[in-house]
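Novice: Take this sequence and fold it.
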Amino acid sequence: MPAPFRFEHTFRASSPAAIFAVYFDDAHRDEQDRRVDVARREILEDVDGPRERRRTSRVFPRRQLPAIVRAIVKGDLSFDETIVWTKADDTIDFDIQPRLLDGRAHIVGCYTLRSTGLGAVHRLYEGSVTVGTRLIGGRIEKAIVDDLTRSIAISVTCTQEFIDRAKAAS
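Specialist: Numbers count the residues shown, from 1 in each chain. Alright, predicted model coming up:
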C-alpha cells in the first residue's frame, strides 16, 4: 500500500509566479541541492513551452546505502526526476523513479501554489511513495517519506531566502 505524504507551507511572496521564478533559477537549484546533500544533478531534458515546462534530471545524493544493505538491495540512492509545471494551474507534477530495487520504488506528487492574500502564497506538496517489495517495502516507504520530510524543511528555508533576496534586489 502506498505511503502518502503531505507538506504545506506559506511563503512570503508576491505571487506564485515569484516562487516559480526562484524554483527554476539555476543558482537556487544548485544551492538547494547542496543543502540537501545532492552530489550532482544531470539535466537530461529541459523544455520550456508556452503552456508547460518539463524537466528531467538524474540526481545523485551524497549519502549511500549502508554496506550491509548494499549487499542485499540492488541499486543505489540515485533517482530520475521528471517535473512538469502546468503554468496556467500553478502546479508541478513530480514523477520520481529511484534506481533502488530495480525500479520497484516510485514517488509521485503534485506541488500546488495558491495566493492567500497580500504577500503570501500557500504551497501544498502531496503525493505517495510506493515500494513493491514484500516484507520490507513498508519500511522503505517510511524511510523515503522521512527523508522527504527532512529535505522539504531544508528546501523551504532555501526557497524563502531566495525569494527574500529577489525582493530586496528589486
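
Novice: what separates P2 from S155, distance-wise?
Specialist: As judged by Cβ to Cβ, to the nearest Å, P2 and S155 stand 22 Å apart. For glycine as for every other residue, the C-beta is placed from the backbone atoms N, C-alpha and C.

Novice: Neighbour count for those two, which is higher?
Specialist: It is S155, of P2 and S155, that has more neighbours when counted by other Cβ atoms under 10 Å, with 20 against 14.

Novice: Show me which residues of the longest helix seen in the chain are buried.
Specialist: Ranked by number of residues, the top helix in the chain under DSSP state H is helix 137-169. Residues of helix 137-169 classed as buried by neighbour count (16 or more other Cβ atoms under 10 Å): 137, 140-141, 144-145, 148, 151-152, 155-156, 158-160, 162-163, 166.

Novice: Give the rounded mean pLDDT of that helix.
Specialist: For helix 137-169, the mean pLDDT works out to 91.

Novice: repeat for stretch 49-63
Specialist: 95.

Novice: Only alpha carbons, please: show it as CSV.
Specialist: Listed next in CSV are the C-alpha coordinates belonging to stretch 49-63 (Å, rounded to 0.1, in the frame of the first residue of the first chain):
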residue,chain,number,x,y,z
GLY,A,49,6.9,25.8,-23.7
PRO,A,50,4.1,28.3,-23.6
ARG,A,51,1.8,26.1,-21.5
GLU,A,52,4.2,23.9,-19.6
ARG,A,53,7.8,23.4,-18.7
ARG,A,54,9.1,19.8,-18.5
ARG,A,55,12.5,19.0,-16.9
THR,A,56,14.0,15.6,-16.4
SER,A,57,17.1,15.2,-14.2
ARG,A,58,19.2,12.3,-12.9
VAL,A,59,20.1,13.1,-9.3
PHE,A,60,23.0,11.6,-7.3
PRO,A,61,22.8,12.1,-3.5
ARG,A,62,26.0,12.2,-1.4
ARG,A,63,24.8,9.6,1.0
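
Novice: Next, the buried residues of it.
Specialist: Neighbour-count burial for stretch 49-63 flags E52, R53, R55, T56, S57, V59, F60, P61 (criterion: 16+ other Cβ under 10 Å).

Novice: Kindly reformat the residues you listed as TSV containing distance to D95.
Specialist: Conversion of the buried residues of stretch 49-63 to TSV gives the following (distance: Cβ to Cβ, whole Å):
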residue	distance to D95
E52	14
R53	14
R55	11
T56	9
S57	11
V59	13
F60	18
P61	18
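
Novice: ok, now how distant is E161 from A168?
Specialist: Computed as Cβ to Cβ, the E161 to A168 distance reads 11 Å.

Novice: Before I go, just wanted to say thanks for your time.
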